[in-house]
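[1] Let's see this in three dimensions:
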Amino acid sequence: MSDQEKFINIFYNRGMHGFLKKYGLRLTPQEFFSVGIHPKSFCYSMEIKEDFLKKCIVVGGPCIKDCENAITIEAVYEIFIIIRTAKLLNTKGVIFIGLQEEILQYGKKQSYNYLRKNIDRVIKALSNFLAYNDITIIDTREQSYNSLMKKFIEKTNNFLNIKKINTIFEFGNRKYKAHNQSWINATKRIVIAHVPSFLYAYLGNKNNKKILAVENTQQIKIIKLAQLIESSENGPYQVNHLPVPGVSGSERMYRSPHWNKVYLNEMPDELLIKQLLAPKEVFDFWMEMFEELKLDNAPAHLYELMSTLNNIIYEKNFR
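    Have a look, this model is predicted:
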């Protein structure tokens, strides 16, 4: 069993081929890697052809709920993969910072301004390191964004039924949890953010380029529902990578407790313990995420990788 198959089974309680078939996806082909898709990409929309990749806008965004105190390696990876893909496809990258969705669920927090600054810093540092700046950042708290979002939700609400929204992040056979209205409202916004006409209206995209979501497999049903709302040759389409596993390898990092996550600001002794606790396939996954940075000295240890990322982002060495 490949590592990909193991993680699909662990995260979603499904076999890999059954998972792909159910959601109308295919394993990412080798030829996509040569034109700009990240080698760790796992699956893609069947409708995508190679020439399509030259005519699209790349969209996506990191999960930020667990980044209030420090940025996780998973959030850095989600940002990196968007910028890197946009660069190699020579197209615009759009990164969502979903703070309004957090506010809807948890209320306003002073820490969100600090979080925004931290995420901005990661985006700017990785853009500079990759020498690519055609990146648009959308803070979903922006007034113009919210005015447009309200209109689109009113217009498309008949597609956004509660059962679909309640189960949109659930895969496999486990019983879904009924969510409160605040969570449902926030999730509707995430769906609409992937609808092409919404993005064209907000970005002022006169060329109507196709929309390519570069996100982890947890977002598959988000994109599928956006496609249902607006079935168009412009998408949205998706290329998905697997979520980053937590230290134990028993769950996605995002859904793991804090001790099962890896943060940018951790000291070498903490990182060494996490490396020792991590199964080989988890450690390999972490080390392969940033292979394309082509560092002079390829890191052999987690603390070396994290020190390199801290140097790039904060110009600070934690070794």
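[2] C-alpha from now on. contacts and neighbour counts both.
    Noted.
[3] Distance check, Tyr145 against Tyr200.
    12 Å (Cα to Cα, to the nearest Å).
[4] Oh, that last question was meant for Asn185, not what I typed.
    Taken as Cα to Cα, the span from Asn185 to Tyr200 is 22 Å.
[5] One more: His241?
    25 Å.
[6] Likewise for Lys6?
    In terms of Cα to Cα, Lys6 sits 38 Å off from Tyr200.
[7] mind listing the helices for the stretch 151-300 of the chain?
    162-166, 181-192, 196-203, 220-229, 268-277, 280-289 (DSSP state H, counting those that start in this stretch).
[8] can you list those in TSV and add mean neighbour count, mean pLDDT and distance to Phe42?
    Shown next, in TSV, are these (neighbours: other Cα atoms under 10 Å; pLDDT from 0 to 100; distance: least, Cα to Cα, whole Å):
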stretch	mean neighbour count	mean pLDDT	distance to Phe42
helix 162-166	16	85	24
helix 181-192	19	94	21
helix 196-203	17	93	23
helix 220-229	20	93	12
helix 268-277	15	94	24
helix 280-289	17	92	13
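[9] Spell out the residue ranges of the strands in the chain.
    Residue ranges of the strands in the chain, as given by DSSP state E, are 25-27, 41-45, 56-60, 93-97, 135-139, 210-216, 237-241.
[10] and those strands, which one's lowest on average pLDDT?
    Looking at those, the lowest mean pLDDT belongs to strand 41-45 (a mean of 88).
[11] What number of residues are in the vicinity of the nearest residue to Pro268 once chain neighbours are set aside?
    If the residues on either side of it in the chain are set aside, Pro268 comes closest to Tyr303, at 5.3 Å by Cα to Cα, 6 or more residues apart in numbering. Neighbour count of Tyr303, defined by other Cα atoms under 10 Å: 22.
[12] ok, now which ones touch Tyr303?
    267-268, 271-272, 319 (Cα atoms under 8 Å, 6 or more residues apart in numbering).
[13] change it to 7 Å
    Tyr303 is in contact with 268, 271-272, counting by Cα atoms under 7 Å, 6 or more residues apart in numbering.
[14] How confident is the prediction for it, by pLDDT?
    Reported pLDDT for Tyr303: 88.
[15] State the distance from it to Phe7.
    The value you get for Tyr303 to Phe7, if Cα to Cα is used, is 23 Å.
[16] At the geometric centre of this protein, which residue do we find?
    With distances taken as Cα atoms, centre = their mean, the residue of the chain nearest its centroid is Glu215 (3.9 Å).
[17] If we ignore the residues flanking it in sequence, what's nearest that one?
    In space, Glu215 is closest to Asn240, 5.2 Å off (Cα to Cα, 6+ apart).
[18] beta partners of that neighbour?
    Cys43, Glu215 (DSSP bridges).
[19] Quick one: residues contacting it.
    Applying Cα under 7 Å, 6+ apart, the residues contacting Asn240 are 41-44, 214-217.
[20] Likewise for Gly249?
    Contacts of Gly249 (Cα under 7 Å, 6+ apart): 278-279, 282.
[21] Out of those, the closest to Tyr254 would be?
    Tyr254 has its nearest neighbour among those in Val282, at 14.3 Å by Cα to Cα.
[22] residues in contact with that closest one?
    Here Val282 is in contact with 245, 249 (criterion: Cα under 7 Å, 6+ apart).
[23] Distance check, it against Leu305.
    14 Å.
[24] now do Asn158
    Asn158 is 47 Å from Leu305, by Cα to Cα.
[25] Give me the pLDDT for Asn297.
    58.
[26] what residues does the longest helix belonging to the chain touch?
    Taking DSSP state H as the criterion, the chain has its longest helix at helix 111-129. Helix 111-129 has contacts (Cα under 7 Å, 6+ apart) with 68, 76, 79-80, 83, 133, 312-313.
[27] By neighbours, which of those wins?
    Ile83 (29 neighbours).
[28] dump the residue contacts of it.
    93, 127.
[29] Then Lys210?
    So Lys210 contacts 55-57, 234-235 (Cα under 7 Å, 6+ apart).
[30] From Glu233, how far off is it?
    7 Å.
[31] show me what contacts Thr91?
    Thr91 touches 56-57, counting by Cα under 7 Å, 6+ apart.
[32] Please disregard the earlier target; I meant Tyr12.
    Contacts of Tyr12 by Cα under 7 Å, 6+ apart are 171-172.
[33] Tell me the one of the contacts of Gly249 nearest Asn166?
    Distances from Asn166 to the contacts of Gly249, taken by Cα to Cα, are shortest for Val282, at 29.5 Å.
[34] how far away is that closest one from Lys274?
    From Val282 to Lys274 the distance is 11 Å (Cα to Cα).
[35] give the contact list for Tyr254.
    Asp66.
[36] State the pLDDT value of it.
    The model's pLDDT for Tyr254 equals 94.
[37] ok, now how distant is it from Lys274?
    16 Å.
[38] Save the contacts of Gly249 as a markdown table, and put in distance to Gly98 too.
    Shown next, in a markdown table, are the contacts of Gly249 (distance: Cα to Cα, whole Å):
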| residue | distance to Gly98 |
| --- | --- |
| Ala278 | 30 |
| Pro279 | 32 |
| Val282 | 27 |
